[in-house]
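S.K.: Here is a sequence together with a model predicted from it:
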2 protein chains.
Amino acid sequence: MLTKTPHLFDDATQVAAGDSRWRGKTSDDYWAFVGPFGGVTAATILRALIDHPQRAGDPLSLTVNFCAPITEGAFDLDVRLVKANRSSQHWCVELSQDGGEVATLATAVFAERRPSWSHQPAEFPQARPFEQILPFPKIKPPWANQYDFRFVEGYPDFSGAKQDAPPASAYSKLWTSDRVPRKIDALSLTSMSDAFFGRVFHARRELIPFGTVSLTTYFHVDADDLASEDITRVLAIADAKIFHKSYGDQNGELWSPSGQLLATTTQIAYFKA
Amino acid sequence: MLTKTPHLFDDATQVAAGDSRWRGKTSDDYWAFVGPFGGVTAATILRALIDHPQRAGDPLSLTVNFCAPITEGAFDLDVRLVKANRSSQHWCVELSQDGGEVATLATAVFAERRPSWSHQPAEFPQARPFEQILPFPKIKPPWANQYDFRFVEGYPDFSGAKQDAPPASAYSKLWTSDRVPRKIDALSLTSMSDAFFGRVFHARRELIPFGTVSLTTYFHVDADDLASEDITRVLAIADAKIFHKSYGDQNGELWSPSGQLLATTTQIAYFKA
């Protein structure tokens, strides 16, 4: 079932190696409203780190701060290994275009993970099987159509606020897969952690001006764990705790179908309402 | 009730202004096991940004990556305004000592927050009043004794794992106040977001080698909101979702006694077990 030719996602997150300066480019396939889909920008940054010759270990945490819009075309990634320890590495990446100001600022931690006591207090969300749910229909922004979203709870209703009705729930539970199936790795987990619709859209039942400001994802499995899962989709949940003075949060979990918590993610986003 | 002389916390997080290079120092009062308490390091970094002449707006998000141990004494803070927009700023801070490698790497977003639609889906945790709960007793690490912890749920039991018993809950609900009351501001919210005991201590009922690797805090109120709250304590909850291959997560909420969600926080930490 998996594509043998390069997947659109791999094309979109392609990087050309440099020493400290790497190159990438925006992808029409993953374009959002006014710029590239942030999840793919984050994944591109992570790919530059994973492909870096000095990289050791697997992604443990990634924080991406979206500082300014990225315009269509090429961008530079200034990649710096800030500190290397025996079993962990701290990286900093600055994305810019044409020698201009920083548009995206990211930090990442990589770690060689050792066997340890394991315990998963979080409860696996119950869900109908992927195959029994219709895919969310195609919509305008190209990036969303690269995914196959199958909502278990919190199906999007962006038909507008009901008169005098309380805000709708910001909670969603859905299967997320690449539209063309692709094996889940740290790159797709990164992108999928930003592939929820804005929580404020759900709560207000409408699309409004919105932009992620800062995104943090923690990876709870290493490459070996992911290899043994061998999956092309995750069960994802997302919720929000507060919307106040033009900013709101999002927290999410990405689960393997077998019940392993793969990644947790949180973000703070701007909205206009 | 508030101290008029500089509070220990303000002394501990003191910074000497520079242009791009600021100075701070570790505090014996907030010492942890093998270095300074990370919450105070994070707060010191935030203070350098808040006090910076170019700073505009209030802290919105802060991510602190703890790269290497900080030794007792002075440290330098290389403070850089990476990108300034009309109503937000992106900062990067590197902490080092004696011209050595980076020990702490942080990014922060500041924003001038505008009135907007407000909605708080998160539920205020129910709790007995602060006054009706005994303070957690003094313990060995100095930093913990600068706080007055009053546990509502998840009282620490570090008496050791019970034979064949399942792991204990990683959830805690507690009032957190400076031992010497101090008005809650973004600095104390930062520090308090790291002032939970390691979740793994709760789950395993024992103290084990442990260290926060990356901490992210989102501020859901601005300085005006905090001024109008005028409080010296927060109701705090923390939990964990997974411990696996030597790393575990923590997510937490800091609430005002009146039921306003002030900050949310998440971290990933190393443990040896």
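M.R.: Received, thanks. Residues are numbered from 1 along each chain as shown, chains lettered A, B, ... in the order given.
S.K.: got the residues of the stretch 151-273 of chain A near chain B?
M.R.: Taking Cβ under 8 Å from any Cβ of the partner chain as the measure of proximity, the stretch 151-273 of chain A contacts chain B at A:167, A:169-170, A:203-204, A:213-214, A:216, A:218, A:220-222, A:225, A:239-247, A:249, A:251, A:253, A:261, A:264, A:266, A:268, A:270-273. Where you see a C-beta, it was placed from the backbone N, CA and C, and this is true even at glycine.
S.K.: A strand includes residue A:91, no?
M.R.: Yes. Residue A:91 forms part of a strand when assessed by DSSP: H, G, I helix; E, B strand; the rest coil.
S.K.: and it, what is it in contact with?
M.R.: Residue A:91 makes contact with A:49, A:79-82, A:107-110, according to Cβ atoms under 8 Å, 6 or more residues apart in numbering or on different chains.
S.K.: swap in residue A:124?
M.R.: Here residue A:124 is in contact with A:235, A:255, A:259, A:261 (Cβ under 8 Å, 6+ apart).
S.K.: what pLDDT does it get?
M.R.: For residue A:124, the model assigns a pLDDT of 98.
S.K.: swap in residue A:171?
M.R.: Residue-level confidence at residue A:171 comes out at 98, pLDDT.
S.K.: Neighbours of it, how many?
M.R.: 15 (other Cβ atoms under 10 Å in any protein chain shown).
S.K.: Hmm, it is touching residue A:155, no?
M.R.: No. Under the criterion of Cβ atoms under 8 Å, residue A:171 is not in contact with residue A:155, lying 11.2 Å apart.
S.K.: related to what we said a few turns ago, pull out the buried members of the residues of the stretch 151-273 of chain A next to chain B.
M.R.: A:167, A:170, A:203-204, A:213-214, A:216, A:218, A:220-222, A:225, A:239-247, A:249, A:251, A:253, A:261, A:264, A:266, A:268, A:270-271, A:273 (16 or more other Cβ atoms under 10 Å in any protein chain shown).
S.K.: Check which helix or strand residue A:150 maps to.
M.R.: strand A:147-153 (DSSP states H and E).
S.K.: In space, what's closest to residue A:219 - neighbours in sequence excluded?
M.R.: In space, and not counting its chain neighbours, residue A:219 is closest to residue A:59: 4.9 Å by Cβ to Cβ, 6 or more residues apart in numbering or on different chains.
S.K.: Which helix or strand lies directly C-terminal to the host helix or strand of the one you found?
M.R.: Under the criterion of DSSP H and E, residue A:59 resides in strand A:58-66. Downstream of strand A:58-66, the first helix or strand assigned by DSSP H and E is strand A:74-84.
S.K.: Contacts for that following strand, please.
M.R.: Residues outside strand A:74-84 that contact it (Cβ under 8 Å, 6+ apart): A:15, A:18, A:20-26, A:44-45, A:48-49, A:52, A:54, A:56, A:89-97, A:103, A:107, B:67-68, B:94, B:101-103, B:105.
S.K.: and these, which of them are in strands?
M.R.: Counting by DSSP state E, the contacts of strand A:74-84 place A:21-25, A:89-96, A:103, A:107, B:94, B:102-103, B:105 in strands.
S.K.: Now list the buried members of those residues.
M.R.: In terms of neighbour count (16+ other Cβ under 10 Å), the buried residues within these are A:22, A:24-25, A:89-96, A:103, A:107, B:94, B:102-103, B:105.
S.K.: Where do the strands of the stretch 101-250 of chain A begin and end?
M.R.: Ranges of strands in the stretch 101-250 of chain A, per DSSP state E, counting those that start in this stretch, are A:102-111, A:147-153, A:172-178, A:210-219, A:233-239, A:243-244, A:247-255.
S.K.: Residue A:149 contacts residue A:136, doesn't it?
M.R.: Yes. Between residue A:149 and residue A:136 there is a contact under Cβ under 8 Å: 4.0 Å.
S.K.: can you list residues touching both of those two?
M.R.: residue A:174.
S.K.: Could you check which of these two has the larger neighbour count?
M.R.: Between residue A:149 and residue A:136, counted using other Cβ under 10 Å, the more crowded position is residue A:149 (23 against 19).
S.K.: Contact partners for that one?
M.R.: Contacts of residue A:149 were listed using Cβ under 8 Å, 6+ apart, and they are A:135-136, A:174-176, A:195.
S.K.: Quick check: beta-bridge partners of it?
M.R.: When bridges are called by DSSP bridges, residue A:149 pairs up with residue A:176.
S.K.: State the pLDDT value of it.
M.R.: Listed pLDDT for residue A:149 reads 98.
S.K.: for the helix ranked longest in chain A, packing partners?
M.R.: As far as residue count goes, and with DSSP state H defining each element, the longest helix of chain A is helix A:38-50. Under the contact criterion of 3 or more Cβ pairs under 8 Å, 6 or more residues apart in numbering or on different chains; DSSP states H and E, helix A:38-50 touches helix A:8-12, strand A:21-25, strand A:58-66, strand A:74-84, strand A:88-96, strand A:102-111, helix A:186-192, strand A:210-219.
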